[in-house]
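S.K.: Sequence and predicted model, in that order:
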Amino acid sequence: MTSKKIGDVILDVKNISLRFGGVKALTDISFDVREHEIRSIIGPNGAGKSSMLNCINGVYTPSEGSITFRGKTFSHMNSRQVAEMGVARTFQNLALFKGMSVIDNIMTGRNLKIKSNLFLQALRIGPAEKEEIRHREFVEHIIDFLEIQAHRKTPVGQLPYGLQKRVDLGRALAMEPQVLLLDEPMAGMNVEEKQDMCRFILDVNDEFGTTIVLIEHDMGVVMDISDRVVVLDYGKKIGDGAPDEVRNNEDVIRAYLGTSH
Amino acid sequence: MFYRENGQFKTSYRADQQIFPIAQDRIAVLVLLAAAFVLVPLLASDYLYRAILIPLVIMSMAALGVNILVGYCGQISLGSGAFMAVGAYGAFNFFVRFPGMPLIPALILGGLCATFFGILFGLPSLRVKGLYLAVATLAAQFFSDWMFLRIKWFTNNSDSGSVSVSQLQVLGMPLESALSKYLFCLALLVVIALLAKNLVRGAIGREWMAIRDMDVAAAVIGIRPMYAKLSAFAVSSFIIGVAGALWAFVHLGAWEPAAFSVEVSLRLLFMVIIGGLGSIMGSFFGAAFIVVLPILLNQLLPPLFSLFGLEISTAGLSHAEFMIFGALIVWFLIVEPHGLAKLWSTGKQKMRVWPFPH
Amino acid sequence: MAFFLETLIGGLMAGMLYSLVALGFVLIFKASGVFNFAQGAMVLFAALAMARFSEWIPKWTGIDNAIVANLAAFVIAGVFMFAVAWLIERLVLRHLVNQEGATLLMATLGITYFLEGVGQTIFGSDIYKIDVGMPKDPVFLFESMFQGGVLVNKEDVIAAGIAATLVLLLSIFFQKTKTGRALRAVADDHQAAQSIGIPLNRIWVIVWCVAGVVALVAGMIWGSKLGVQFSLTTVALRALPVVILGGLTSVPGAIIGGLIIGVGEKLSEVYLGPFVGGGIEIWFAYVLALVFLLFRPQGLFGEKIIDRV
Amino acid sequence: QQAPEQFFPLLSYRTGPYAPNGTPWANGKQDYLKLINARDGGVNGVKLTFEECETGYATDRGVECYERLKSRPGVALFDPQATGITFALTEKAPVDKIPLMTLGYGLSVAADGMAFKWNFPYMGSYWTGADILIQHLGKQNGGLDKLKGKKIALVYHDSPFGKEPIPLLQERAKMHGFDLQLLPVTAPGVEQKATWLQVRKDRPDYVLLWGWGVMNSTALKEAQATGYPRDKMYGVWWAGAEPDVRDVGEGAKGYHALALNGYGKEAKVIQDILKHVHDKGQGTGPKDEVGSVLYTRGVIIQMLGVEAVRRAQERFGKGKVMTGEQVRWGMENLALDQKKLDALGFNGVMRPLSTSCSDHMGSTWARVHTWDGKKWNFSSDWYQADEQIIKPMVKAGADKYLSDKKMQRRETGDCQS
Amino acid sequence: MDTRNIVLNVNGIEVIYNHVILVLKGVSLQLPERGIVALLGGNGAGKTTTLRAISNLLKGERGEVTKGSIELRGERIENLSPAELVKRGVVQVMEGRHCFAHLTIEENLLTGAYTRTDKAEIAANLEKVYNYFPRLKTRRTSQAAYTSGGEQQMCAIGRALMSNPSIVLLDEPSMGLAPQIVEEVFNIVKDLNDKEGTTFLLAEQNTNMALKYADYGYIMESGRIVMDGPAHELANNADVKEFYLGMGGSERKSFRDVKSYKRRKRWLA
Ligand SMILES: Nc1ncnc2c1ncn2[C@@H]1O[C@H](COP(=O)(O)OP(=O)(O)OP(=O)(O)O)[C@@H](O)[C@H]1O
Ligand SMILES: Nc1ncnc2c1ncn2[C@@H]1O[C@H](COP(=O)(O)OP(=O)(O)OP(=O)(O)O)[C@@H](O)[C@H]1O
Ligand SMILES: [Mg+2]
Ligand SMILES: [Mg+2]
């Protein structure tokens, strides 16, 4: 374990419930996330993990409960406000912009930071062009970092799945987020690729101090890199704590891990 | 072999962000422009200008506008004819109601009217999507058809509802000869295409495409769907409106609402899909296909038939034209569902690896 | 009051006729995810075939019996529609599996042009008559209640009855049968449907055939009302608001949408029209559909548009 | 040396919504040209050639056709066959110096030859047509003053074509105190239920039908369906031909329409066409269509064009190919009296017509004919539009056009150019 | 390769997307009767493409087989439609789920039985699938689009099993599934293989699991087969261990330590 400094609570989820018709996706979930930590959410399929992220991000509106981010509490915000506050995420089912190239996809992550208006952009003179170049430089750093230089200009739809996942991460990173929500970033990868991905996550976490919320089914990964783990089952929280604690929790073993791990 | 980017290293992002990063492309485009501005005027006949080139240039501009909305922002619209009509009648009203109003400002004001109209009819797009939106935009089409027939004020109280303009001037020069009209439209097209290209490769263009490809994800990274969609409607209908005004002022001279009927809307949509959604170049290809092909068929078929000793009646000719036109559309879509622009880039790709097949 | 009723009934009847055309759109969309712009052209083509054969058959065979001629013409036109469906699948759809909606839409526009050309080449572009013995004169109801009675058109009533029957049958087909389910699956995902063994080719021929027969019935009724001529294709434009109002994927929606649009546009034209100079019904229909869409973006009975990350 | 040829560009539409009406019209035009070549060997030895161009009634295709054909050697004149195309060409023809003939359609104000040098709405415009219809209704009622308090509905094709008669009807309504109700029908006119419900509600005394193409037969069918008496319906001359009523048959019985021209197979010119063209297998359309209403109108149009060329040759040189400008002069100086018409074989087909610098219409005669379920029969005498009303309106309209365009009236001296 | 009957024989196929992108460069593999064969390889190696080529689903992706042949029990199948293949018992579970979004889970499963007619058998089969994946049973009336990623994956697998196939091509079946379910899926594979003699071709990233259950394995990189052999041999190969099983020497390496020096694959150099 490295000796990074874990800070105060940055994101605090309190008593969130979410239902879709008859389905209770989340029931009274509370947990907190501290600055700079890697916080994992695990649980069986359909437990409500992705739904949790969707609530944080403003895609779903929870029927009850509140979310506190950096001291500000809200029960619902729209996605844009959440993004403005510095929360970025990746998606379980790849939600990349298929028709755009890798660069453009990642550049969209910078959109919030672009200041020049429509007319300046149309003319593309002076400040507008400088701004574009500045952001492009930033994006190139991300591309270098994720080692996808060779695919810069490929339309993302044509990339293999694993690389698309990287681009998804890149797009989130381009927002320079304070909190990064990752939904199964390593699904469909082999060990080597997972190692790469872990490396990126750890680097981001270490070097930029970004707080990370991670959903993942690979217990090896989760147990190795997270600081604390929340376990959900059928929309309820059944465990919360350091990896080792969770690993030995009876409920968790029964509901999720099975006996072999 | 000749078409390679090898050895062309970009030393700055500015260089890499050029519209045509590959030198051969730049040269090709320059040659094309030179041909359009210099060579064509040396060779073209009056007929070519008036019946093919001018409509082609204007329709390219309209298709470009449609492509921004449909191709880049993914909002299928069947109301483009209406935006053209609003542009045309808007410009007409400014032109006749303000004595001495020069042509270019009138065109721009017409475009702005279309912008306004476009935003208005774009509002439903915030809730309604896809084909539902496409059909709903027909409301704009039929409403504008009706409005310009029924509300006399728009047609300057003309009895029949048909209006006309004449004695056009640009910066003091008369816009009478076919050549001058052609050059004027072409110049406008080049300027607008350049601006449009800048938009689509800039931040706003990326917002449009993001909304098109995956709107929920776009929202999560902070793109406001409302702003993106409405700005696409605005920019697109501005361009379509200017094109409509040109169509009316420069090409037709006198017009009635039927000149901007639903048929026109369909044809415009055709152009961008056949040409290639999300490609500026594609708009030009598409316009060329739809504008030139029927005329070409119309003129080529009789000699072709007589080659086989057959004579074809006018009716037979135009039916054959319909059939061939329809069949060609289907054929092109099968060969390349992403349009002529894609075919073009595949061709380039092949040239790049030439002489090897892959 | 009597007049209001008349307008209402007239609207309902007109609406049923729109439904008949709308039904063709819905069928094909539901079963393949293709928005078939060629539906109007199919209606024209079917009607032309029907009209010309009912005229030619007595001439060729010497049998001068209207019923026989019409029946035979109907069957032959049906065969023509089958051929059209088969060719469309062979030459077009088969090659466009898994393509985007817009591409498919354009392909059907190409088909539209083609059918219009072929139809007019084979059958001519004059006005032709379909006479299946529909009564043309009006009847008057409730004469005791209202002075002059309420005018109802017998032809419309019969047509509406036919439309309603067709819709009922097709709804059952879609909801209850295995093929119906398979069709919906195809609309969702061509590739996945293929992967589990649904024979797209056959399915498409079937659906386009059914749509062709619906077009034939629509063409017969509209043709007998209006005469068969190129303009018949424009009834498709009148049916579009019906389709989106009812929901692109709902067979019963086509009927309900038709009724709402029919009534809405007739009432608006008759009661609002005079204040603004008239001629508003067509855009009013679209605006009406649009207003409904603002509340239900998938139309009244359409399947919810899925929008999830 | 090449034999001289005069070229007639023929815009037509044989496809689309208006094909049933456009086709016989176009056939008549072609057959007359063929007749002149076959029977007379052309005009004073000048062969007549032609080429058709399909417009589909669409303005942009029409403009393309015009541009394509206008620079052919020996172009005589254009007959756009559509109101929309006429508007567009009105702007272009003066520049290219080619005259436009718009017989019975086009811009009503263009009758003022001093303002519209290149337009020739021969034989009648929508204003004269509407005027004649009102006169006829007046006569039916025993005097125009009897129209007072009557309700007349105009069911019209919602386009410039349909809207043209409105100002005149409004003028007449003011004069005679009848109520004018306007009922537009969206083009192409296949859906008219609401319109006829309204007719049923308001029960106008008369319905004037200003339709074209499929709109006409649909209107008659809807009238039948709503029980409006067909014998109270009066159509313009574009709503009074065989395709308009044929498939309605009995249902249209009693319906009246204006007849701009005579028709039938008796006229000598028709016989000549049958003999010299159709019997030689050169006919353009089916033989039984020859002599129908619109076919005959096509023949008349072409005859006037040919006569304009002949007239021009009288001044500018017999046996020569005329330029557009020269043909224009010919068109402006036509003088077809009864004797000439008889000689041309147009006896009973049309009334004499002579044009001048200020009058580009020539004359405006029309009759009413009525459908008996099987064929058309004339049911009135010839009428002529009321100059007193039309003239000032044309003048005012033309003046407005000129002032909008910042153009001047022609000088009288210009007349001999 | 052992001597049992080869049911599926892929012979040096080449696949090109869009007429220009050459993806498979001569891939050959064989599927023995009642075998479980694993197809392993990194991202973009061409596993999915290989499976698509076999089940003839390339057309919709604008790809085509330009060289080589594919034989099913001695019959060339390159030109058969996917539907005909399903009739012959070959079914593919597509990568990325591809459930029918508007259909409910149950309808999805029933559509899987499209090629079958016996109602009772279908019902029994449905019950079996629900037994395999109890989670699906609780969500049976939800539209597939509104179920979680893992549920959709189960649905896709279940749907394929509904056609009672004799050869199943599984493309990344374990993606997005919770660990026990992954185990469950592999148990199902084993189970069907044992009891009903179903043959499997597994394209997997989860090499560990795949090699545990498979008899034979192929490893692909950039469109070529680079290594093949019986599963247990592969599992003991040093390179495979390091690159696909994440083991340095015999110890499992912690993901936390990946930041330290990494060795590159030898065959890519
Ligand atoms: N439709 C397509 N058009 C163009 N290229 C494609 C297409 N589909 C795949 N490719 C390319 O083909 C190559 C192989 O892809 P494939 O999906 O077969 O790999 P894979 O081994 O299944 O990878 P993964 O483990 O990521 O699923 C990749 O480089 C990919 O970019
Ligand atoms: N929009 C929705 N409408 C209806 N039900 C939903 C919706 N979103 C999620 N659900 C249901 O809520 C439950 C939780 O789903 P969620 O996607 O959060 O699961 P998850 O924990 O991410 O599972 P997985 O590991 O499989 O991705 C599931 O049963 C799902 O079917
Ligand atoms: Mg999830
Ligand atoms: Mg794959």
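M.R.: All right, it came through fine. Numbering: from 1, shown residues only, chains lettered A, B, ... in the order given. Ligands and ions are numbered 1, 2, ... in the order given.
S.K.: Paired strands for the host helix or strand of residue D:207, with orientation please.
M.R.: In this structure, residue D:207 is located in strand D:206-210 according to DSSP states H and E. In the sheet, strand D:206-210 lines up against strand D:151-157 (parallel), strand D:233-235 (parallel) (DSSP bridges).
S.K.: Including mean pLDDT and distance to ligand 2, could those strands go into CSV?
M.R.: Any C-beta I mention is one placed from the backbone N, CA and C, and that applies to glycine too. Below are these laid out as CSV (pLDDT from 0 to 100; distance: least, Cβ to the nearest ligand atom, whole Å):
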stretch, mean pLDDT, distance to ligand 2
strand D:151-157, 95, 51
strand D:233-235, 96, 60
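S.K.: At the geometric centre of the chain, which residue do we find?
M.R.: By default, I'm working from chain A. Taking Cα atoms, centre = their mean, the centroid of chain A lies closest to residue A:181, which sits 1.9 Å from it.
S.K.: that's the wrong chain, I meant chain E
M.R.: residue E:170 (2.1 Å).
S.K.: secondary structure class for that one?
M.R.: Per DSSP: H, G, I helix; E, B strand; the rest coil, the local secondary structure of residue E:170 is strand.
S.K.: for chain B, which spans come out with low pLDDT?
M.R.: Where chain B drops to pLDDT under 70, the residues are B:1-21, B:353-358.
S.K.: for it, which helix is longest?
M.R.: Secondary structure of chain B per DSSP state H: the longest helix is helix B:280-307.
S.K.: buried set for it?
M.R.: Within helix B:280-307, the residues that count as buried by 16 or more other Cβ atoms under 10 Å in any protein chain shown are B:280-295, B:297-298, B:301-302.
S.K.: now swap in stretch D:133-152 and tell me
M.R.: Buried residues in stretch D:133-152, counted by 16+ other Cβ under 10 Å: D:133, D:134, D:135, D:136, D:137, D:138, D:144, D:147, D:150, D:152.
S.K.: What is the burial count for the residue of chain C found nearest ligand 1?
M.R.: Nearest to ligand 1 in chain C, going by Cβ to the nearest ligand atom, is residue C:98, at a distance of 9.9 Å. Close neighbours of residue C:98, defined as other Cβ atoms under 10 Å in any protein chain shown, add up to 17.
S.K.: And residue E:26, by the same measure?
M.R.: By other Cβ under 10 Å, the residues close to residue E:26 number 13.
S.K.: try residue B:126
M.R.: Count around residue B:126 with other Cβ under 10 Å applied: 14.
S.K.: what helix or strand does the nearest residue to it once chain neighbours are set aside sit in?
M.R.: Sequence neighbours aside, residue B:226 is the residue nearest to residue B:126 in space, at 5.6 Å (criterion: Cβ to Cβ, 6 or more residues apart in numbering or on different chains). If you go by DSSP H and E, residue B:226 is part of helix B:225-246.
S.K.: same check, this time on residue D:377
M.R.: Following DSSP H and E, the helix or strand that holds residue D:377 is strand D:376-378.
S.K.: Which strands and helices lie in contact with the following helix or strand past that strand?
M.R.: Counting by DSSP H and E, the next helix or strand C-terminal to strand D:376-378 is strand D:383-384. Packing partners of strand D:383-384 (3 or more Cβ pairs under 8 Å, 6 or more residues apart in numbering or on different chains; DSSP states H and E): helix D:126-140, strand D:365-371.
S.K.: The helix or strand just after strand D:383-384 and chain B, any residue contact?
M.R.: Remark: after strand D:383-384, the chain's next helix or strand is helix D:387-405, criterion DSSP H and E. Yes - for helix D:387-405, a contact with chain B is found by Cβ under 8 Å from any Cβ of the partner chain, at D:397, D:404, D:405.
S.K.: Wait, the last one touches residue B:166, no?
M.R.: Yes - under the contact definition of Cβ atoms under 8 Å, residue D:405 touches residue B:166, with a separation of 5.6 Å.
S.K.: ranges for the helices of the stretch 151-300 of chain C?
M.R.: Listed in chain order, the helices of the stretch 151-300 of chain C (DSSP state H, counting those that start in this stretch) span C:154-176, C:178-188, C:190-195, C:200-226, C:235-246, C:251-267, C:273-276, C:281-295.
S.K.: Average pLDDT for the shortest one, rounded please.
M.R.: Mean pLDDT, computed over helix C:273-276, is 88.
S.K.: Buried residues, that helix. List them.
M.R.: Applying a neighbour-count criterion of 16+ other Cβ under 10 Å, the buried positions in helix C:273-276 are residue C:273.
S.K.: elements contacting that helix?
M.R.: Secondary-structure packing of helix C:273-276 (3+ Cβ pairs under 8 Å, 6+ apart): helix D:193-202.
S.K.: do the second one as well
M.R.: Other elements packing on helix C:178-188 under the criterion 3+ Cβ pairs under 8 Å, 6+ apart are helix C:2-32, helix C:154-176, helix C:190-195, helix C:200-226, helix E:105-112.
S.K.: and what of the last one?
M.R.: The criterion is 3+ Cβ pairs under 8 Å, 6+ apart, and the helices and strands that helix C:281-295 contacts are helix B:130-150, helix C:235-246, helix C:251-267.
S.K.: May I see those organised as CSV, with mean neighbour count and distance to chain D added?
M.R.: Shown next, in CSV, are the helices and strands packed on helix C:281-295 (neighbours: other Cβ atoms under 10 Å in any protein chain shown; distance: least, Cβ to the nearest Cβ, whole Å):
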stretch, mean neighbour count, distance to chain D
helix B:130-150, 24, 6
helix C:235-246, 29, 6
helix C:251-267, 26, 5
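S.K.: Save those as a markdown table, and put in distance to ligand 1 too.
M.R.: Converted to a markdown table, these look like this (distance: least, Cβ to the nearest ligand atom, whole Å):
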| stretch | distance to ligand 1 |
| --- | --- |
| helix B:130-150 | 23 |
| helix C:235-246 | 32 |
| helix C:251-267 | 35 |
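S.K.: Nearest to residue C:295, out of those helices?
M.R.: helix C:235-246 (11.1 Å; Cβ to Cβ).
S.K.: State the distance from the residue most central in space within chain B to residue B:43.
M.R.: Residue closest to the average C-alpha location in chain B (Cα atoms, centre = their mean): residue B:63, at 1.8 Å. According to Cβ to Cβ, to the nearest Å, residue B:63 and residue B:43 sit 24 Å apart.
S.K.: Look up how far residue C:46 lies from the residue of chain C most remote from its centre.
M.R.: Each residue of chain C has a distance to the centre, and by Cα atoms, centre = their mean the biggest one is for residue C:144: 36.7 Å. In this view, residue C:144 and residue C:46 are 42 Å apart by Cβ to Cβ.
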